[in-house]
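[1] Just need the structure, nothing else, for what follows:
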Amino acid sequence: MGSRRPARPRVRRPSPRSRVRRRPARFRGRRRPRTGEVLVLAVVALWVLGELVRWLAGHLWVVAVALGLAAAGAVLWWHRRNQRAGQRLADARALRYSMAHIDQLHHRDFEFAIRDLMYRDGCTDAVQVGGAGDNGADVKATDPYGRRWVIQCKHRRAGLAGAAVGTPALQVLNGTGRPVHKGDVIVLVTNGRFSGPALDFARSQRLHLVDRATLATWADGHRPLWELLRAVPSPRAPGPSS
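    The predicted model follows:
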């Protein structure tokens, strides 16, 4: 007789009920609060609030003390804030840079140094904006007379021995300084020098150039930049001493 084929084991199919996804264990035992419970909690909260108001009405001195402490805290905070702002301004006014120090700066640190000098001169909103997509501006500031300054910085590690700043950089600044950045005073500052064509272009387009000599006077002195440049636009607003 031929061998009998073994019987195929029967596979038990899961019932439809067993295929239902069970909730994770972390959700078991949780239930939504019932409407009655929410109402009870709301009533209790209102009762506590009413009792607190009733108690405060009978103890007005507590309210007065709390308000006094809050007012004293606000005055103290404002006083310390003004003290810190005054100290920052005093530190800024004492800022000085030597050209030897400036020459050793990274080009990005040079931009921050120019920002700090503008802040020293009273431009409290001076900000460094140089980087990718800066549209030719590295520093922006508003002076105490309301004029908007747009400054491009060109650092030369070799100082005067470095390459002269030419017209291409000025052309970019000229194309964006007023139309894009809405500047009143458009400046290019370098610790090096400018080429002859760059000087001519700047004069024709009412751009202001700060070369190594002017930068040295500005950075190591106490006169603001607008006192060192010629033909700066008229103030938009009265000065701080007016």
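
[2] Mind listing residues that contact the helix or strand containing residue 116?
    Residue 116 belongs to helix 107-120 when assigned by DSSP states H and E. Residues outside helix 107-120 that contact it (CB atoms under 8 Å, 6 or more residues apart in numbering) are 92-93, 95, 97, 102, 105, 126-128, 130, 138-139, 141, 143, 149, 151, 153, 155, 189, 191, 218-219, 225. Where C-beta positions appear, they are placed from N, C-alpha and C, glycine not excepted.

[3] and the lengthiest helix in the chain, what other elements does it pack with?
    The longest helix of the chain (DSSP state H) is helix 60-93. Judged by 3 or more CB pairs under 8 Å, 6 or more residues apart in numbering; DSSP states H and E, helix 60-93 is in contact with helix 107-120.

[4] Assign a three-state SS to residue 189, would you?
    Reduced to three states with DSSP: H, G, I helix; E, B strand; the rest coil, the structure at residue 189 is strand.

[5] Can you name the secondary structure element that comes next after the helix or strand of the chain with the lowest mean pLDDT?
    Lowest on mean pLDDT, DSSP states H and E among the helices and strands of the chain sits helix 60-93, with a mean of 79. The helix or strand immediately downstream of helix 60-93 is helix 99-103, counting by DSSP H and E.

[6] Can you tell me who the residue nearest the centre of the chain pairs with across the strands?
    For the chain, residue 127 is the residue whose C-alpha lies nearest the centre (CA atoms, centre = their mean; 8.1 Å). For residue 127, the beta-bridge partners are residue 140 (DSSP bridges).

[7] That one is in contact with residue 137, isn't it?
    No. Assessed by CB atoms under 8 Å, residue 127 is found out of contact with residue 137, at 10.0 Å.

[8] Settle this for me: residue 226 is touching residue 185, isn't it.
    Yes. Contact criterion CB under 8 Å: residue 226 and residue 185 qualify, at 7.3 Å.

[9] And the next helix or strand past the host helix or strand of residue 199?
    If you go by DSSP H and E, residue 199 is part of helix 196-205. Later in the chain than helix 196-205, the nearest helix or strand by DSSP H and E is strand 208-210.

[10] what is the rounded mean pLDDT of that following strand?
    When pLDDT is averaged along strand 208-210, the result is 97.

[11] hang on, residue 143 packs against residue 229?
    No. In this structure, residue 143 is not within contact of residue 229 by CB under 8 Å, at 11.5 Å.

[12] what do the two both touch?
    Contact criterion CB under 8 Å, 6+ apart; residues bridging residue 143 and residue 229 by contacting each: residue 185.

[13] out of these two, which sits in the busier spot?
    Neighbour comparison, residue 143 and residue 229: the larger count goes to residue 143, with 26 against 15 (by other CB atoms under 10 Å).

[14] check contacts around the residue nearest to the more buried one when sequence neighbours are not counted.
    Of all residues not flanking residue 143 in the chain, residue 123 sits nearest, at 5.3 Å (CB to CB, 6 or more residues apart in numbering). Contacts for residue 123 (CB under 8 Å, 6+ apart) come out as 141-144, 149.
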